[in-house]
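Colleague: Structure of the sequence below:
(one chain, ligands or ions: 2)
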Amino acid sequence: MPIKLYNTLSKEIEVFKPIKRGEAKIYSCGPTVYNYAHIGNLRAFLCADLLQRTLKVVDGYKVIWVMNITDIDDKTIKNVNDDSAWKPEMGTKSNDIIANLKEFTSYYKDEFQNDIRLLGFRMDHFHDFPRATDYIDGMKKLIVLIADNGFAYESGGSVYFNVGKWKDADKYGKLKNLDFDNFRTGERVDSDEYEREQVSDFVLWKAKKDGEPSWEFEFEGKALIGRPGWHLECSVMEKEILDLPFDIHTGGIDLQFPHHEDEIAQSKAGYGIEPTNYWFHNEFLQVEGQKMSKSSGNFYTLRDLIEKGLDPIDIRFAMLSAHYRSKYNFTFDDVEAASKSRKRLQKYVYDLISNNVGHDYIDVTLFSEKFFDHLKNDLHTPKALGELFTFINQNSAVVMGKNTRDEMLEFFSEFNEIFGILSFEMPDEDIPEEVTMLAKKRIEAKKAKNFDLADMLRIEINNRGFVIKDTAEGFEIEKL
Ligand code: AMP
Ligand code: ZN
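Modeller: Ligands and ions are numbered 1, 2, ... in the order given. As a prediction, this is how the structure comes out:
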């Protein structure tokens, strides 16, 4: 069975056909690094991780995965300019606004990468993490191309995309099937994010305002000074790194409009090519059935949840257990349940490794095919996991013969290449697996110079009655 994916462009589940045989180029809209990522953002990235791992494991694709870092937009500039948002670890603020922007966003870029490492992402799975401010020249060039083709104009030192003209040349609004009842030609919007009701000319280049980082831009004989619009950033990074068209573009469902619609318009009006063949959008994460928001007190970052005693790998498994196109309702009970299920799977794997008697009578191939077919069918993790738990309920690991156990371990190895939640090393009898996991995470946090997190994890280990000691080889765990 080939891999099938829901494509927002066609609104159908389609067979995935790569541009180049055996290769899948994926671009994910990444984090805006003005603060810590929240768990909703992390769900979006985890859905992309699930996609790229599935393509590799179930069909042997060579995946080239790019996730951008948005290090300039309205929200980022606001925080960089707010002295109270600076932390001592960020270094000192200077008079150089662009240097300040780099300093501030580098901190949150590193924190973001620490978060996803803790969530079981593998850094070697990424081809690149381009930062928007490293692609300003390409952005200016794309604006000129769009203007040369007649779809951009300057007004008040800013440059706008002429949606009024474009909608006669192409079908603007196709990702969300927008109608144009609310469209008024010539109306302009300058902010990076806007609503459906505001379908209007969007900004490609914003004239500098006081205190904002800015670059010079020679446009149609005028010396402009300002910065790129948010939508333009992704159009340029994906073209320069992956070339167009590439295979799959990912992002949360909120990005369908305007961000992704505007990406399509820019690429097509400037480069003459649509960016991608498949648009992959994940549904939102909610918390206890509510939209997550700071004012409702249900806003969580990964570090908030670690402080509350949750293990990031349980959060990973809980999130992956929901279908990516369904809303995921994050609750502490759900993570607790995911933790129990994960431990059951882990025990099953240990039983497979340590058992040495039994009979070969189970058809692992049939089960394994069913499991992976669910994943091939638009990444249906709930059905796949349902299949797995039914199987392990019916087939105890301790009565399996050697051949069956080897086949099952092979299955779990592939399973884990996608899910990334199991260990195949037998644990030390006296030290609980979760303590070893926390200790491993602490070492990773230290390597990434995230000492706050390393301290937090040490305290977690102490709370469980153990103490961790650093050694030349790594660490040792002892009872308190
Ligand atoms: P941002 O850092 O705001 O640009 O968002 C990064 C990614 O997170 C984008 O793909 C968003 O669509 C996605 N996102 C934002 N909020 C949520 C949420 N509550 N649930 C799932 N994805 C989200
Ligand atoms: Zn983007």
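
Colleague: OK, contacts around the residue of the chain found nearest ligand 1?
Modeller: Taking Cβ to the nearest ligand atom, ligand 1 has its nearest neighbour within the chain at residue 252, 1.9 Å off. The C-beta positions use only the backbone N, C-alpha and C, and glycine is treated the same way. By Cβ atoms under 8 Å, 6 or more residues apart in numbering, the residues touching residue 252 are 29, 40, 41, 44, 281, 282, 284.

Colleague: Neighbour-wise, give me the winner out of those.
Modeller: With neighbours taken as other Cβ atoms under 10 Å, the top of the contacts of residue 252 is residue 282, carrying 29 neighbours.

Colleague: For it, name its beta-bridge partners.
Modeller: In this entry, residue 282 is beta-bridged to residue 252, by DSSP bridges.

Colleague: Model confidence for it, exactly?
Modeller: Note for residue 282: predicted pLDDT of 98.

Colleague: Secondary structure element for the residue lying closest to residue 474 once chain neighbours are set aside, which one?
Modeller: Leaving aside its sequence neighbours, residue 474 sits nearest to residue 443 (Cβ to Cβ, 6 or more residues apart in numbering; 6.1 Å). Here residue 443 sits within helix 433-447, counting by DSSP states H and E.

Colleague: And the next helix or strand past that helix?
Modeller: Taking DSSP H and E, what comes next after helix 433-447 is helix 451-463.

Colleague: how near is residue 474 to residue 18?
Modeller: Between residue 474 and residue 18 the distance is 40 Å, computed by Cβ to Cβ, to the nearest Å.

Colleague: With neighbour numbers in mind, choose between the two.
Modeller: residue 18 (19 against 9).

Colleague: Wait, the more buried one touches residue 247, no?
Modeller: Yes - taking Cβ atoms under 8 Å as the definition, residue 18 is a contact partner of residue 247 at 5.5 Å.

Colleague: which neighbours do those two share?
Modeller: By Cβ under 8 Å, 6+ apart, the residues touching both residue 18 and residue 247 are residue 24.

Colleague: Quick check: phi and psi on the residue lying closest to residue 360 once chain neighbours are set aside?
Modeller: The shortest distance from residue 360 to any non-neighbouring residue, by Cβ to Cβ, 6+ apart, is to residue 401 (3.6 Å). Phi and psi for residue 401, reported as degrees, to the nearest 10, are phi -80, psi 170.

Colleague: which residues does residue 401 contact?
Modeller: 358, 359, 360, 361.

Colleague: so what's it scoring on pLDDT?
Modeller: Confidence for residue 401, expressed as pLDDT, is 93.

Colleague: Repeat that for the one 10 residues further on.
Modeller: As summarised for this prediction, residue 411 has a pLDDT of 98.

Colleague: for it, helix, strand, or coil?
Modeller: Under DSSP: H, G, I helix; E, B strand; the rest coil, residue 411 falls in the helix class.

Colleague: List the contacts of the closest residue to ligand 2 within the stretch 201-350 of the chain.
Modeller: Residue of the stretch 201-350 of the chain nearest ligand 2, by Cβ to the ion: residue 234 (3.3 Å). The contact partners of residue 234, taken as Cβ under 8 Å, 6+ apart, are 27, 29, 68, 259, 263.

Colleague: repeat that for 7 Å
Modeller: Contact analysis of residue 234 by Cβ atoms under 7 Å, 6 or more residues apart in numbering lists 29, 68, 263.

Colleague: and if you look at residue 307?
Modeller: Residue 307 neighbours (Cβ under 7 Å, 6+ apart): residue 456.

Colleague: same thing but at 6 Å, please
Modeller: Neighbouring residues of residue 307 by Cβ atoms under 6 Å, 6 or more residues apart in numbering: there are none.

Colleague: measure it to residue 286 for me?
Modeller: According to Cβ to Cβ, residue 307 and residue 286 sit 21 Å apart.

Colleague: Check residue 472 too.
Modeller: 46 Å.

Colleague: Give me the more crowded residue out of those two.
Modeller: Neighbour totals were compared for residue 472 and residue 286, and residue 286 leads with 16 against 4 (other Cβ under 10 Å).

Colleague: Would you agree that one falls within a strand?
Modeller: Yes - counting by three-state DSSP, residue 286 is found in a strand.

Colleague: Quick check: closest non-adjacent residue to it.
Modeller: Residue 286 sits nearest to residue 329 (Cβ to Cβ, 6+ apart), 5.3 Å away.

Colleague: Now do the SS call for that neighbour.
Modeller: With three-state DSSP as the criterion, residue 329 reads strand.

Colleague: how close does it get to residue 119?
Modeller: Distance from residue 329 to residue 119, counting by Cβ to Cβ: 18 Å.

Colleague: Can you pick out the residue with more neighbours from these two?
Modeller: The neighbour count for residue 329 versus residue 119, taken as other Cβ under 10 Å, is higher for residue 119 (21 against 14).

Colleague: Isn't the more buried one up against residue 318?
Modeller: No - counting by Cβ atoms under 6 Å, residue 119 stays clear of residue 318, with 11.1 Å between them.

Colleague: which one among the contacts of residue 252 gets closest to residue 431?
Modeller: Using Cβ to Cβ, residue 41 comes nearest to residue 431 of those, at 33.4 Å.

Colleague: OK, contacts around that closest one?
Modeller: Here residue 41 is in contact with residue 31 (criterion: Cβ under 6 Å, 6+ apart).

Colleague: Stretch 61-68 close to ligand 2?
Modeller: No - if you take Cβ under 5 Å from the ion as the test, stretch 61-68 misses ligand 2, and the best it gets is 6.3 Å.
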